[in-house]
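Student: What would the 3D arrangement of this be:
(2 chains)
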Amino acid sequence: MRSEIEKSLHALGEKILGKEHQLKLALTCLLSNGHLLIEDLPGMGKTTLSHALSQVFGLQYSRIQFTSDLLPSDMLGVNIFHSGETNTDKQFSFRHGPIFSQVVLADELNRASPKTQSALLEAMEERQVSIDGTTHALPSPFFVIATQNPSSQSGTYPLPESQLDRFFMRISLGYPQWDAEKAMLKQTNSTTPLEQIIDETRLKTMQQEVNNIHASDALIHYILMLVNESRNNGTYPNPLSPRASRALLQGAKAWAFISNKAFATPEDVQAVFTAITAHRLSSSQHNEGATFGDNASSIVLSRQLLESVDPLAA
Amino acid sequence: MIAFLKRQGAFFNPSHSTSRPLSSHSLMSSHKSTSYLMLAIAYGVLLFTLTDELMAWVIVLGMCALVVRVLVFLRSSQLPHSRTINLLAVLSLFALTWFGFSIGLLNSMINLLAVAFALKLILLDSKRDFHLLFCTSLFLIGCGFISALSMVAWVGYLGVLIFLLLALAYYHGPVTPFSSSAKFVATLVVQAIPIAALLFLVMPQLPPLWQMPTSKSQQTGLSDTVTPGDIASLAKSSDLAFTATFQSNDDIPLPQQRYWRALVMEDFNGKTWSISDRRKQAERQLSLLQKTPPLTQILTADTASTTAYEMIVEPTKQNWLFSLALSEPDNAKNTIFVNTQFDYTLRSSTPLMSKKSFYFTYVPSATIENAAGDFERQLNSLLPATTNEETRAWALALKQQHTTPTELANAIMNYFRLQGFTYTLEPNAMPVDAIDTFLFEEKAGFCAHYASAMTFALRAAGVPARMVTGYQGGEQLDDNVLQVRQYDAHAWVEALIDDKWQRFDPTSMVAPSRLSFGLEQALADFGEKRTSGLLGDLSEGALFMTLQNWMRQMDYQWSKWILGFDANKQKDLLEDLLGQITTKKMTAVFLSSLSIVGVILLVYFFPIKRQPNLPKHQRIYRNALALVEKRTGVNRHHLSPQQYLEQVDSYLTHDTKASLHSMTALFNESVYSAESDNLDKSHLTSMMKKHFDTVKKSIRQQNA
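Tutor: Numbers count the residues shown, from 1 in each chain, chains lettered A, B, ... in the order given. Now for the predicted structure:
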């Protein structure tokens, strides 16, 4: 593993104990320039994770708490009229909303109304915001970490499949192990911020390096076989989209980069596969009454898909 | 076949069987609709090959289904409502029952199959239905083979079969492009051919377990009634009637002697000659009395000048046969038993539904005896009451001048020769007193006119006579092969003189070249052509003749070697290969061929990972993994090599692990790295081999 990556993972590990795999996935997502969805029960460390990520990379951070009465303008920003004395002072100026940050934590995304949700998702996809005919570019890198409560909880608007697809990855942290939780409880200085390990420009070059990781035809065939299996086998209610196959390739490259390899292999695809495909494969029926169990069932679907293709057959 | 089953296995996996109906057609992926269309096209082609068996409305229904499929493919229009199809199905069922009685059981079933296929094709929208229709089309191909056995049909159906397999492969193999589906099907066919050939050569040729129900469809060739003029229309057809193979060129009789006797017509109603009902009755009674058919006795008496020959007869859908007059069937060799009747005609025990070989012995010296005594004499003297008075009077007058029956018959023949009769395919219609008109006014006709008139005149003069139909002539295809076509159909006269039936051919008086040089020449003598129009002119071109000759040769060889490969030929072949046939040897040959097929199947089924196209170093690597699987008993399944090695880590010794890890690194390098194309393959192979030997050795030690 690359030393700088290892160092940052170690630093993150001090905040989120015993979740190395999830941390590595989150890093992969960041390096792939994708957005992360964390689905978990309250109090599992979703916010801590996103905060820690922004600290380690020295990124500007903001948090939007989504509620059912949050309006798009609360998130994106508004044009405000200045009633100055001179004519030149009297004009509209744009006040940036909290979305204009490099790391945005969209907390409890599924509590917001569909209108607000889609405003966020549009910004995520286009990396820019249009208000009153003016386009405002979002900062770069732009990384959204959305958290979602299991939708069985009251007062939630489940995200439709089309919007779930825009999240590069979905992870859930889950309950910590006995030892990890014990260590967490014994921690005294849990509020001290993490020191910055990688800076913004380094992050950008790393994202570029990820793109340059070699993916051979054999690897691409493996990904194609996986996505086609989901399309042709009737078991999967929501087959994988081309966006998903691109995400798989990008994720595999990023994983290979983290593991300090010059080329991606099927292991890299397999490592990121569940995180990238599970939320895309789950059916809408599952989402409506979704509980944690259904989250698990989409993971089962994803595993089943992974197990139906032999990487050496590609 | 094997590769197909292997591939199928994945799709019949029960865990995947919960397929869900597609909600809308726009979602139907293109490879699916393409393979549906391919299936529909194959069905359309099959319909056209089955035009003889299918009723017109069934073909129309099938074409409608094809059109629906094409529309769905082109515009992804909505499928018709299943209620409409159900209504159509009920209507079709009524229609089938209604027509079923007139077309016979076999054809009704073929029609039923085609109708069901058409209706299902319209609604086709799921994997299960696709498989069902695929299997049904195989049955339709089977139905096609009931009547069509020529090489063209065989090649055509093979083409359709390959096309169907392609549709199936494309339906299931969409991961890969169309060309690889084609490659897959090609492998499949190439694998199947040697197995099929082996089974064809050595499987015991068992007689069919059931009898084909008699078909009532259109017969071909000669008919069992003759109205003068019928044979003329047959003369337009150049379809093959049969092929006769003799042992050598010397055995072929001279053109004038090539009378292929088929049917004896003894009943005349003033217009049409037919096989007498009384004759049929008599034959039944005689066979009940178990009298020996007459020819058998002749054959046993005189064996010196006989000639054995084989006939490959095109299907007539009738059970009468023809042979050189006179021939004795060689029933020891025939697959279908052939009876000789008391009028010396031949009947096969089942109707001829497909091309068949028959063996005969030609006895040139044999004469046709009056086998039924007064019965035959009486039967062949009957005339319808008051017709053709002029002819009767003329015959009686002739009788006054010529006292013996032979002289009388010759006088009639001479009348044809001397009175300016002409030979034509298209005589004028003679609706009333046909024979009078023919003999004294028109004086132009075809063989059946002459035969009919002469038979009538003989009977009127009190000489028992009858009309015989069959073929006369034949073209020499090879040194020892004769081909007889429908236009060689002929009719002649037999008169009972001195208690023996003697042959008279009045046509030979008018057109002598008919016997020696065939119909074309005879017609040319009278300034006529057998076929008219463009096709007729074309058929005289040299290139066309060569092509036609070549096609005939091919078809003959096909019939002789493939269709004619029966139990006898099989026995001969095995005797050639193995010497004297004994039960033990037969069992051994049969069992060993079965086990060869079995072994081939096993080879394909057991080492499931057969990757013939892989580079050598990759194959070595896979072998190493297979060794580990065998040693640990843990299957790799979908795991990548790295993960697999981690999983089985505890089972392996340190040496094995080290070598395997190096191999994995090499493998990853060669398959996934950017430099994979630039690596030194032979070096890679030798490295792999080295590690493989280590793995093999240490695993063997571990086993010990």
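Student: So residue B:359, which state does it fall into?
Tutor: strand (DSSP: H, G, I helix; E, B strand; the rest coil).
Student: Show me what the helix or strand that contains residue B:137 is packed up against.
Tutor: Using DSSP states H and E, residue B:137 sits within helix B:127-147. With contacts defined as 3 or more C-beta pairs under 8 Å, 6 or more residues apart in numbering or on different chains; DSSP states H and E, helix B:127-147 has these neighbours: helix B:30-49, helix B:82-123, helix B:151-172. The way it works is simple: take the backbone N, C-alpha and C, and place the C-beta from them, glycine included.
Student: For residue B:573, which of these is the nearest?
Tutor: Proximity to residue B:573 (C-beta to C-beta) singles out helix B:151-172 among the helices and strands packed on helix B:127-147, at 20.3 Å.
Student: Give me the contacts around the closest one.
Tutor: Applying C-beta atoms under 8 Å, 6 or more residues apart in numbering or on different chains, the contact partners of helix B:151-172 are B:4, B:7-8, B:11, B:31-32, B:34-35, B:38-39, B:41-42, B:45-46, B:49, B:127, B:130, B:134, B:137-138, B:141, B:144-145, B:178, B:181-182, B:184-185, B:188-189, B:554-555, B:558, B:562.
Student: Go again with 7 Å.
Tutor: By C-beta atoms under 7 Å, 6 or more residues apart in numbering or on different chains, the surrounding residues in contact with helix B:151-172 are B:7, B:11, B:31-32, B:34-35, B:38-39, B:42, B:45-46, B:49, B:130, B:134, B:137, B:141, B:144-145, B:178, B:181-182, B:184-185, B:188-189, B:554-555, B:558.
Student: With stretch B:476-484 instead?
Tutor: By C-beta under 7 Å, 6+ apart, stretch B:476-484 touches B:240-249, B:251-252, B:260, B:471, B:473-475, B:552-553, B:556.
Student: Now for residue 101: which residues touch it?
Tutor: In the absence of a named chain, this looks at chain A. A:60, A:61, A:62, A:139.
Student: and the residue nearest the centre of chain B, what does it touch?
Tutor: Geometric centre of chain B, nearest residue: residue B:149, 1.5 Å, by C-alpha atoms, centre = their mean. Contact analysis of residue B:149 by C-beta under 7 Å, 6+ apart lists B:354, B:355, B:563.
Student: most neighbours, which of those residues?
Tutor: residue B:355 (20 neighbours; other C-beta atoms under 10 Å in any protein chain shown).
Student: Distance check, the closest residue to residue B:235 other than its chain neighbours against residue B:255.
Tutor: Using C-beta to C-beta, 6 or more residues apart in numbering or on different chains and skipping the chain neighbours, the partner closest in space to residue B:235 is residue B:487 (4.5 Å). Separation of residue B:487 from residue B:255 (C-beta to C-beta, to the nearest Å): 15 Å.
Student: Next: residue B:153.
Tutor: 32 Å.
Student: returning to that earlier point: what are the contacting residues of the helix holding residue B:137?
Tutor: Contacts for helix B:127-147 (C-beta under 7 Å, 6+ apart): B:19, B:39, B:42-43, B:46, B:49-50, B:52-53, B:110, B:113-114, B:117, B:120-121, B:124, B:153, B:157, B:160-161, B:164, B:168, B:171, B:315, B:353-354.
Student: same thing but at 6 Å, please
Tutor: The contact list for helix B:127-147, computed with C-beta atoms under 6 Å, 6 or more residues apart in numbering or on different chains, reads B:39, B:42, B:46, B:49, B:50, B:110, B:117, B:120, B:157, B:164, B:168.
Student: pLDDT score for residue A:205?
Tutor: For residue A:205, the model assigns a pLDDT of 90.
Student: Just say helix, strand or coil for it.
Tutor: helix.
Student: domain parsing for chain B?
Tutor: Split into domains by automatic domain parsing, chain B comes to B:2-14+B:24-202, B:225-231+B:239-369, B:376-467+B:492-538, B:578-605, B:616-703.
Student: Dump these to TSV, plus mean pLDDT and distance to residue A:126.
Tutor: Below are these laid out as TSV (pLDDT from 0 to 100; distance: least, C-beta to C-beta, whole Å):
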stretch	mean pLDDT	distance to residue A:126
domain B:2-14+B:24-202	81	27
domain B:225-231+B:239-369	80	72
domain B:376-467+B:492-538	83	71
domain B:578-605	78	54
domain B:616-703	83	33
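Student: Nearest to residue A:8 among those would be which one?
Tutor: That would be, of these and by C-beta to C-beta, domain B:616-703, which comes in at 24.5 Å.
Student: Give me the distance from that closest one to the chain's centre.
Tutor: Computed by C-alpha atoms, centre = their mean, to the nearest Å, the separation of domain B:616-703 from the middle of its chain amounts to 55 Å.
Student: same check, this time on stretch A:159-177
Tutor: That offset, for stretch A:159-177, works out to 7 Å (C-alpha atoms, centre = their mean).
Student: Show the end-to-end separation of that stretch, please.
Tutor: 30 Å (C-alpha to C-alpha, to the nearest Å).
Student: Show me what counts as buried in that stretch.
Tutor: A:159, A:161, A:163-173, A:176 (16 or more other C-beta atoms under 10 Å in any protein chain shown).
Student: Which of the residues you listed sits closest to residue A:312?
Tutor: Taking the buried residues of stretch A:159-177 together and measuring to residue A:312 by C-beta to C-beta, the closest member is residue A:169, at 26.0 Å.
Student: Return the residues in contact with the closest one.
Tutor: So residue A:169 contacts A:29, A:36, A:275, A:276 (C-beta under 6 Å, 6+ apart).
Student: just residue A:162 next, same as before
Tutor: Residue A:162 touches nothing, counting by C-beta under 6 Å, 6+ apart.
Student: That one falls within a helix, correct?
Tutor: Yes. Assessed by three-state DSSP, residue A:162 belongs to a helix.
Student: Distance to residue A:79 for the domains of chain B - can I get that in JSON lines?
Tutor: As requested, the domains of chain B are exported to JSON lines (distance: least, C-beta to C-beta, whole Å):
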{"stretch": "domain B:2-14+B:24-202", "distance to residue A:79": "42"}
{"stretch": "domain B:225-231+B:239-369", "distance to residue A:79": "89"}
{"stretch": "domain B:376-467+B:492-538", "distance to residue A:79": "86"}
{"stretch": "domain B:578-605", "distance to residue A:79": "73"}
{"stretch": "domain B:616-703", "distance to residue A:79": "50"}
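Student: Which among these is found nearest to residue A:261?
Tutor: Going by C-beta to C-beta, the one of the domains of chain B nearest residue A:261 is domain B:616-703, 8.7 Å.
Student: Distance across the closest one, terminal residue to terminal residue?
Tutor: 27 Å.
Student: now the strands for the stretch 501-650 of chain B?
Tutor: Here the stretch 501-650 of chain B has no strands by DSSP state E, counting those that start in this stretch.
Student: near chain A, which residues of it?
Tutor: B:638, B:640, B:642 (C-beta under 6 Å from any C-beta of the partner chain).
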